[in-house]
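>>> The amino acid sequence is not available; the structure is as follows:
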């Protein structure tokens, strides 16, 4: 395989792998969010989480890892919408936050 062919292959494969990994992490974030909403007795709205921010960050071992921030909406009584966020560091939960809400 020539260097040019390898470059073209990389141009095609890297975005697909990136999309696949992001989708996998989004699914994990959704399951975490769904569980936390059940635990807090709030309703997860729109049945999902939305990707808000992507960045590369170094892990403790120095390896570059994706940090993805997702946002979601939830309700307590159905009258008002509130926001929350989930930050994933690779496949690991980094932080989870509910906006202050009325009980």
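In hand now; what should we look at? For clarity, every value in this text was computed on a predicted model and none was experimentally measured.
>>> I'd like the mean pLDDT over stretch 49-67, please.
Per-residue pLDDT over stretch 49-67 has a mean of 92.
>>> could you pull out the helices for this structure?
Ranges of helices within the chain are 3-40, based on DSSP state H.
>>> Can you check which strand is longest in it?
Ordering each strand of the chain by length in residues (DSSP state E) puts strand 43-58 first.
>>> I'd like the distance from that strand to the chain centre, please.
4 Å (C-alpha atoms, centre = their mean, to the nearest Å).
>>> could you check the angle helix 3-40 makes with that strand?
With axes from the mean of the first three to the mean of the last three C-alpha atoms, to 10 degrees defining the directions, strand 43-58 sits at 140 degrees from helix 3-40.
>>> who's in contact with strand 43-58?
22, 26, 29-30, 33-34, 37, 64-76, 78, 81, 85-86, 89 (C-beta atoms under 8 Å, 6 or more residues apart in numbering). (Glycine included, C-beta is placed from N, CA and C.)
>>> Flag every buried residue along that strand.
By neighbour count on 16 or more other C-beta atoms under 10 Å, the buried set for strand 43-58 is 44, 49.
>>> Nothing else from me, thank you.
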